[in-house]
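In: here is my input, please return the structure:
(one chain, ligands or ions: 1)
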Amino acid sequence: AAIFCIVSTEKWIEADKRHGWHPFTRQAEWCAADHQPLVLVAGEGVWLEDSQGNRYIDGNSSIWTNVHGHAHPVLNAALAEQAQKVCHTSYLGFANPRASELAERLAGYFTSLQRVFFSDDGSTAMECALKMEVQYRQLVGQGEKCEIIAFDSCYHGDTMGAASLGGVDAFASRFRSFGMPVRHVSSVEQLVELDSSQLENVAALVIEPMVQGVNQIHVWPEGMLVKLREWCDAHDVHLIFDEVMTGFGRTGKMFACQHEAVEPDFLCLAKGLTGGYLPLAATLTNEKIYSAFIGSADRAFYYGHSYTANQLGCAVALANLDLFESENTLAQLAGKIQLLSELLGELAEEFVEIYDIRQCGFVAGVELRQLDGKKFPLDDRLGEHWCVKAREFGLLTRPVLDTIVVMPPLSITEDELRQLVAAMAKTMKAYF
Ligand code: PLP
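Out: Next up, the predicted model:
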């Protein structure tokens, strides 16, 4: 198999460069003759293997999705078992056992969020929340209320509606005028200063609770979620939590909103829902919102996708939730969060090129700086180049600008975590 891979690598790369198109990628550079992309062919636990047989720690959980490691026997078995029965059936007009079980399991984590709408990924989970919000307001006779408040530098996905909320100009500015009317604020302090005339048409407020990912791992102040809940209740504004990145243990609790015991009106889940195996997402909401959609035919929510409630995805999601219990994932994680914080602290002491470390649970960002102590200019591509260098030391991750994202699968062992940070130290030495 190894020889087959090495021989095939050239063919795969050629086909990729000729026909592929990668997300968020400068294709001219990608396709340049001197660019040799890594072709990932296998994975086990926190390790990924390329077509040349090199092994790497999956330092960003394959774009923030993986939870219990790659090729986990329990997840693999759940997939295989479901595949023997049926992989996909339409959820439009039919129920299916795995989706029923999963909806019940997800609702079981919450008090008010008892309705679960499935979709495919983080963006469609957000898109669904936005469309539910818009339709809800129309149904209750408040159709003019359709503005969304979002936070500076937020990221909520790339479909047209979700992208229009985005606070990162590079991703969102081209599309903002084609999506939702949105107002960005920087903090709760700025939010509470908005006067009632500015709030008249505001339907909902959206936030990545506890920590913004794409905004270079920006950790929110403690107590913020409680304040947002109170403010939203006082102003007839719905609260949308985008837990696409933070859900499923990433911040140390199953869901980030549990840190402050706050339930939003909409909760969006994706990435870790299937342990990082398959695209599946869920938008949870409460019975008050759901009940507005009940009645005459024109109240129905006309939204959905072909693969909604995919049985394979739901089966692996159920196994993912089972693993949290059988492997005691969250209890094991507490010590690893502490260890990560200590190891990164030591790294920052060793290297003056580290400008800042920001951590929330098992999400960390290591921001680099120039030798003169200043932050890198926005268009600098140091983070990207640093991550390419890190491959030589067996670490795969991606930066956000000049911040290296450290977000390994929750299943990483303490020893592997030490290896990860040792690879970072080697990269620092080799790079600077
Ligand atoms: N919301 C947040 C907070 C995210 O981090 C992401 C992806 O990184 C998304 C939404 C979009 O999810 P997806 O890429 O699965 O569409």
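In: the strands in the stretch 251-400 of the chain, which residues?
Out: With DSSP state E, counting those that start in this stretch as the criterion, the stretch 251-400 of the chain has strands at 266-269, 281-286, 354-360, 363-368, 395-396, 399-400.
In: likewise the stretch 51-200 of the chain?
Out: Applying DSSP E, counting those that start in this stretch to the stretch 51-200 of the chain gives strands spanning 55-58, 113-119, 147-151, 182-185.
In: could you dump the ones you listed to CSV with distance to the ligand, mean pLDDT and mean neighbour count?
Out: Placement of C-beta: from N, CA and C, glycine included. Shown next, in CSV, are those (distance: least, CB to the nearest ligand atom, whole Å; pLDDT from 0 to 100; neighbours: other CB atoms under 10 Å):
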stretch, distance to the ligand, mean pLDDT, mean neighbour count
strand 55-58, 16, 98, 21
strand 113-119, 10, 98, 22
strand 147-151, 11, 98, 23
strand 182-185, 15, 97, 16
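In: compare these and give me the one nearest residue 309.
Out: Comparing the strands of the stretch 51-200 of the chain against residue 309 with CB to CB, the closest turns out to be strand 113-119 (4.3 Å).
In: get me the contact residues on the stretch 51-200 of the chain for the ligand.
Out: 64, 121-123, 126, 155-157 (CB under 6 Å from any ligand atom).
In: neighbour count and pLDDT for those residues - can I get that in TSV?
Out: Compiled in TSV, those are given as follows (neighbours: other CB atoms under 10 Å; pLDDT from 0 to 100):
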residue	neighbour count	pLDDT
64	21	98
121	21	98
122	28	98
123	21	98
126	29	98
155	26	97
156	31	98
157	23	97
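In: wait, which of these is closest to the ligand?
Out: Of all those, residue 122 has the smallest distance to the ligand: 2.1 Å, by CB to the nearest ligand atom.
In: now do the phi/psi pair for the residue nearest to the closest one when sequence neighbours are not counted.
Out: The shortest distance from residue 122 to any non-neighbouring residue, by CB to CB, 6 or more residues apart in numbering, is to residue 244 (3.5 Å). Main-chain dihedrals, residue 244, degrees, to the nearest 10: phi -60, psi -40.
In: go on, the one 3 residues further on?
Out: The main-chain torsion angles of residue 247 are listed as degrees, to the nearest 10 and equal phi -70, psi 160.
In: before we move on, what about residue 68?
Out: phi -100, psi 10.
In: so it makes contact with residue 275?
Out: Yes. Because the distance of 5.2 Å satisfies CB atoms under 8 Å, residue 68 is recorded as touching residue 275.
In: okay, and the common contacts of the two?
Out: 75, 320, 323 (CB atoms under 8 Å, 6 or more residues apart in numbering).
In: farthest-apart pair in the residues of the stretch 51-200 of the chain next to the ligand, please.
Out: Among those, 64 and 126 lie farthest apart (CB to CB), at 15.0 Å.
In: ranges for the helices of the stretch 201-350 of the chain?
Out: Ranges of helices in the stretch 201-350 of the chain, per DSSP state H, counting those that start in this stretch, are 224-234, 287-291, 311-326, 329-350.
In: quick one: contacts of the last one?
Out: Right, the one you point to is helix 329-350. Here helix 329-350 makes contact (CB under 8 Å, 6+ apart) with 67-68, 249, 252-254, 323-324, 354, 357, 359, 361-362, 364, 366, 406, 410-412, 414, 417-418, 421, 424-425, 428.
In: relative to strand 354-360, how tilted is that helix?
Out: Orientation of helix 329-350 against strand 354-360 (axes from the mean of the first three to the mean of the last three CA atoms, to 10 degrees) gives an angle of 170 degrees.
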